[in-house]
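1. my questions concern the predicted model and sequence given below.
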Amino acid sequence: MSTVAFPIPVKAAGGCSDAPVLRERGQHEVFCGLTGIIWLHRKIQDAFFLVVGSRTCAHLIQSAAGVMIFAEPRFATAIIDERDLAGLADANTELDRVVGQLLARRPEIKLLFLVGSCPSEVIKLDLSRAASRLSAQHSPAVRVLNYSGSGIETTFTQGEDACLASMVPELPAQAADAEQELMVVGTLADVVEDQFIRLFTQMGIERVRFFPPRRAADQAPVGPNTRLLLAQPFLADTARALQARGAQLLSAPFPLGIEGTTAWLQAAATAFGVPAQRLESAVSAPTARATAALARAKLHLDGKSIFFFPDSQLEIPLARFLSRELGMRLLEVGTPYLHRQHMAQELALLPEGTFLSEGQHVENQLDRCRAAHPDIVVCGLGLANPLESEGMTTKWAIELVFTPIQGFDQAGDLAELFTRPLVRRMRLAA
Ligand code: SF4
């Protein structure tokens with residue numbers, strides 16, 4: 001395993017910065033943006049997500065969140081059907097009534113999201129007007145925002161992007177003489193967030209905010225002295241909205257694996273004038289732990305081939321980690337959208353010649369996957385079972401979003417998400 005050099009020569013690598021990308025359009029197999037509620041409701045602990053949708057939406061959200069049935073959930077579906085829209089005014093009155101009941105019963109709710117969906121009945125409802133009306137009615141105790149989790153032409157991680165983007169206009173403006181502050185953008189598990197807070201403190205960066213916050217009232221001011229560090233690669237609209245408020249985006253790879261995490265921290269270190277030795281001393285112990293954990297996983301993964309279907313938008317950072325730190329061979333790296341600016345440093349680190357595809361024509365891609373005979377396939381739930389029945393080993397992309405995988409201390413767990421299905425398949429074959 002190679003050690004990390006300071007500073008990390010990301011830009012010098014070249015890699016796939018200018019590599020051709022196969023762009024495909026056609027049938028695609030992904031979950032919709034409602035899925036994001038599953039991890040967002042755990043993160044913002046006094047928020048509630050009210051899906052305005054159909055019975056299908058209610059089923060999706062219930063089955064995706066099946067593990068939550070023992071707790072009092074902080075999401076629900078207001079089911080709208082054609083009959084409700086006989087008069088739109090009635091639908092709005094009904095929505096106001098449901099929200100009123102909910103807030104009366106659950107006084108701990110401080111932020112309510114009305115989440116739109118794609119059935120035609122729901123599209124006719126103006127949820128942004130409903131949110132303003134309800135916000136005026138229930139403020140200051142509760143703020144009401146809205147965003148769309150619709151499944152038309154989107155992929156499931158865009159639900160988080162839409163949710164966070166809806167929160168940006170609410171953030172207070174930074175004072176003109178405010179000190180430079182770091183804002184880490186993207187939902188991270190609390191345990192990961194706490195680890196990063198410790199690392200930033202050791203580096204001497206004390207003014208750090210996380211967005212989304214754990215509590216709705218904890219609204220970070222935003223302005224020209226905000227430096228943004230993206231923790232997730234699927235936040236194009238949120239980043240754009242924060243940049244429009246004057247915040248400056250730091251260019252960095254994503255904090256997956258030792259190399260990605262170190263370079264991500266280094267981007268903050270450079271922006272905040274942290275000396276190289278201080279960064280090195282902060283990361284040396286967690287790097288050593290991660291190196292040991294990855295050495296074990298590498299025994300199983302080195303030389304194995306992997307094929308990514310486009311799904312979570314984490315594909316490119318994952319491919320970079322698996323190829324550079326674990327020796328895996330990348331057969332195809334598919335991504336739903338390629339944001340060249342946010343992915344610039346990731347692309348530079350990918351091995352030259354990596355086959356990149358954007359968008360999906362699922363039949364064509366399945367043909368390429370079968371012809372390539374990968375050792376493991378990363379794909380959505382809808383493709384995993386058919387591919388398993390054809391003898392392939394798969395990893396559900398959605399699991400990579402639900403699991404804490406960022407940072408040094410999760411690098412081993414992230415690698416294990418790929419070793420486990422391979423080891424299981426080997427046992428079955430033995
Ligand atoms: S939002 Fe659309 S895609 Fe998602 S569950 Fe509802 S009907 Fe299905």
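-> Okay, I see it.
2. for the helix or strand Ala104 falls within, packing partners?
-> For Ala104, the host element (DSSP states H and E) is helix 88-105. On a contact count with 3 or more CB pairs under 8 Å, 6 or more residues apart in numbering; DSSP states H and E, helix 88-105 meets strand 47-53, strand 75-79, strand 111-116, helix 127-138. (Glycine included, C-beta is placed from N, CA and C.)
3. now the angle between strand 111-116 and it, please.
-> Taking axes from the mean of the first three to the mean of the last three CA atoms, to 10 degrees, one finds helix 88-105 and strand 111-116 inclined to each other by 150 degrees.
4. which residues sit against helix 88-105?
-> Residues outside helix 88-105 that contact it (CB atoms under 8 Å, 6 or more residues apart in numbering): 48, 50, 52, 76, 78, 80, 84-85, 109, 112, 114, 124-125, 130, 133-134, 137-138, 141-142, 144.
5. buried subset of those residues?
-> Neighbour-count burial (16 or more other CB atoms under 10 Å) applied to the contacts of helix 88-105 gives 48, 50, 52, 78, 80, 84, 109, 112, 114, 125, 130, 133-134, 138, 142, 144.
6. just to revisit the earlier point, what's the angle from the helix holding Ala104 to strand 75-79?
-> 150 degrees.
7. show the average pLDDT along helix 88-105.
-> For helix 88-105, mean pLDDT is 87.
8. please report how far Pro421 lies from Cys16.
-> 26 Å (CB to CB, to the nearest Å).
9. so if I had to pick from those two, which one is more boxed in?
-> Neighbours were counted for Pro421 and for Cys16 using other CB atoms under 10 Å; Cys16 has more, 25 against 19.
10. related to what we said a few turns ago, turn the helices and strands packed on helix 88-105 into JSON lines, including distance to the ligand.
-> Output for the helices and strands packed on helix 88-105, formatted as JSON lines (distance: least, CB to the nearest ligand atom, whole Å):
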{"stretch": "strand 47-53", "distance to the ligand": "5"}
{"stretch": "strand 75-79", "distance to the ligand": "9"}
{"stretch": "strand 111-116", "distance to the ligand": "8"}
{"stretch": "helix 127-138", "distance to the ligand": "13"}
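11. coming back round to it: for the helix holding Ala104, list every residue counted as buried.
-> Neighbour-count burial for helix 88-105 [16+ other CB under 10 Å]: 91-92, 95, 99, 102-103.
12. now the angle from that helix to strand 47-53?
-> If you take the same axes, to 10 degrees, helix 88-105 sits at 150 degrees to strand 47-53.
13. which bits of this protein sit near the ligand?
-> 32, 34, 53-54, 56-57, 60, 117-119, 149-151 (CB under 6 Å from any ligand atom).
14. need the contact list for the spatially most central residue of the chain.
-> By CA atoms, centre = their mean, the chain has its centre lying nearest to Gln232, at 4.7 Å. If a contact means CB under 8 Å, 6+ apart, then Gln232 has 157, 160, 185-187, 254, 314 as its contacts.
15. now, which of these sits nearest Thr261?
-> Nearest to Thr261 among those: Phe254, at 8.8 Å, using CB to CB.
16. tell me the bridge partners for Val51.
-> Thr77, Val115 (DSSP bridges).
17. over to Tyr147?
-> Here Tyr147, judged by DSSP bridges, has bridge partners Val115.
18. would you mind measuring from the closest residue to the ligand within the stretch 51-200 of the chain to Gln158?
-> Nearest to the ligand, among the residues of the stretch 51-200 of the chain, is Gly151, at 2.6 Å (CB to the nearest ligand atom). To Gln158, Gly151 is 10 Å away according to CB to CB.
19. got any residues that touch both of these two?
-> Gly33.
20. separation between the nearest residue to Leu250 once chain neighbours are set aside and Lys304?
-> Distance criterion CB to CB, 6 or more residues apart in numbering; nearest residue to Leu250, sequence neighbours excluded, is Ala267 at 4.4 Å. Using CB to CB, we find Ala267 at a distance of 30 Å from Lys304.
21. these two: who's more crowded?
-> Legend: neighbour count by other CB under 10 Å for Ala267 and Lys304, higher for Ala267 (21 against 18).
22. pretty sure that one sits against Leu229.
-> Yes. Using CB atoms under 8 Å, Ala267 is in contact with Leu229, at 6.4 Å.
23. quick check: neighbours shared by the two?
-> Both Ala267 and Leu229 are contacted by 250, 252, under the criterion CB under 8 Å, 6+ apart.
24. you'd agree Phe254 is up against Leu230?
-> Yes. Proximity of Phe254 to Leu230 meets the contact threshold set by CB under 8 Å, at 7.0 Å.
25. where does the stretch 51-200 of the chain have low pLDDT?
-> 66-72, 81-89, 153 (pLDDT under 70).
26. how near is Val345 to Phe254?
-> Actually, residue 345 is Gln rather than Val. Remark: distance between Gln345 and Phe254 (CB to CB) = 9 Å.
27. hmm, Ala141 is touching Leu112, no?
-> No. Under the criterion of CB under 8 Å, Ala141 makes no contact with Leu112, lying 10.4 Å away.
28. please give me every residue in contact with Trp264.
-> Counting by CB under 8 Å, 6+ apart, the residues that Trp264 touches are 229, 252-255.
29. buried sites along the helix or strand containing it?
-> Assigned by DSSP H and E, Trp264 belongs to helix 257-271. For helix 257-271, burial by neighbour count (16+ other CB under 10 Å) applies to 257-269, 271.
30. can you redo these as a markdown table with pLDDT?
-> As requested, the buried residues of helix 257-271 are exported to a markdown table (pLDDT from 0 to 100):
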| residue | pLDDT |
| --- | --- |
| Gly257 | 98 |
| Ile258 | 98 |
| Glu259 | 97 |
| Gly260 | 98 |
| Thr261 | 98 |
| Thr262 | 98 |
| Ala263 | 98 |
| Trp264 | 98 |
| Leu265 | 98 |
| Gln266 | 98 |
| Ala267 | 98 |
| Ala268 | 98 |
| Ala269 | 98 |
| Ala271 | 98 |
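31. fine, thanks again, bye for now.
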